[in-house]
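Colleague: take this sequence and fold it.
(one chain, ligands or ions: 2)
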Amino acid sequence: MSDAQVGWGICAFCNEVVDHADTWVGLNPAQLGHQECALRSVLGGIGHHLAHDYWCTEHGDPDAGLTYRQSAKLVKLLVELLGVDEVSARAVAT
Ligand SMILES: [Zn+2]
Ligand SMILES: [Zn+2]
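Modeller: Ligands and ions are numbered 1, 2, ... in the order given. Have a look, this model is predicted:
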């Protein structure tokens, strides 16, 4: 893999393409992911944060019917709004 390919690939979390416009994180040389997807993988999906009982318990879908990445982007917004400490404190890990 050449340096020119760094930043391009498939997100290890959501399986969507990572391109130059995206903020991404390297997991290892062969794996990369969107920054927001990495965040969501740690914090849980948006449904989990907004209505855990409804989405996680009743529907088994912590991403609230959205794709993994859509949910991840909303979790990132929530973190920007509330701060990561507040979001973490509100969430019970799933
Ligand atoms: Zn992703
Ligand atoms: Zn939950």
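Colleague: need the longest helix for the chain.
Modeller: helix 68-82 (DSSP state H).
Colleague: please identify the buried residues of whatever helix or strand comes next after that one?
Modeller: Using DSSP states H and E, the helix or strand that follows helix 68-82 in sequence is helix 84-90. Going by neighbour count (16 or more other CB atoms under 10 Å), the buried part of helix 84-90 is residue 87. For every residue, glycine as well, the C-beta is placed using N, CA and C.
Colleague: quick one, helices of the protein?
Modeller: Using DSSP H, helices in the chain cover 35-43, 46-52, 68-82, 84-90.
Colleague: rewinding a little: what angle do helix 35-43 and the longest helix of the chain make with each other?
Modeller: 80 degrees (axes from the mean of the first three to the mean of the last three CA atoms, to 10 degrees).
Colleague: quick one: contacts of helix 68-82?
Modeller: The contact list for helix 68-82 (CB atoms under 8 Å, 6 or more residues apart in numbering) reads 11, 13-16, 34-37, 39-40, 43-47, 49, 62-64, 66, 87, 90.
Colleague: may I see the helices of the chain arranged in a markdown table, with mean pLDDT and distance to ligand 1 as well?
Modeller: Shown next, in a markdown table, are these (pLDDT from 0 to 100; distance: least, CB to the ion, whole Å):
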| stretch | mean pLDDT | distance to ligand 1 |
| --- | --- | --- |
| helix 35-43 | 94 | 3 |
| helix 46-52 | 95 | 14 |
| helix 68-82 | 97 | 5 |
| helix 84-90 | 88 | 18 |
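Colleague: kindly reformat those helices as TSV containing distance to ligand 2.
Modeller: Shown next, in TSV, are those (distance: least, CB to the ion, whole Å):
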stretch	distance to ligand 2
helix 35-43	10
helix 46-52	3
helix 68-82	12
helix 84-90	11
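Colleague: can I get those helices in TSV with distance to residue 26?
Modeller: Shown next, in TSV, are these (distance: least, CB to CB, whole Å):
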stretch	distance to residue 26
helix 35-43	10
helix 46-52	25
helix 68-82	17
helix 84-90	21
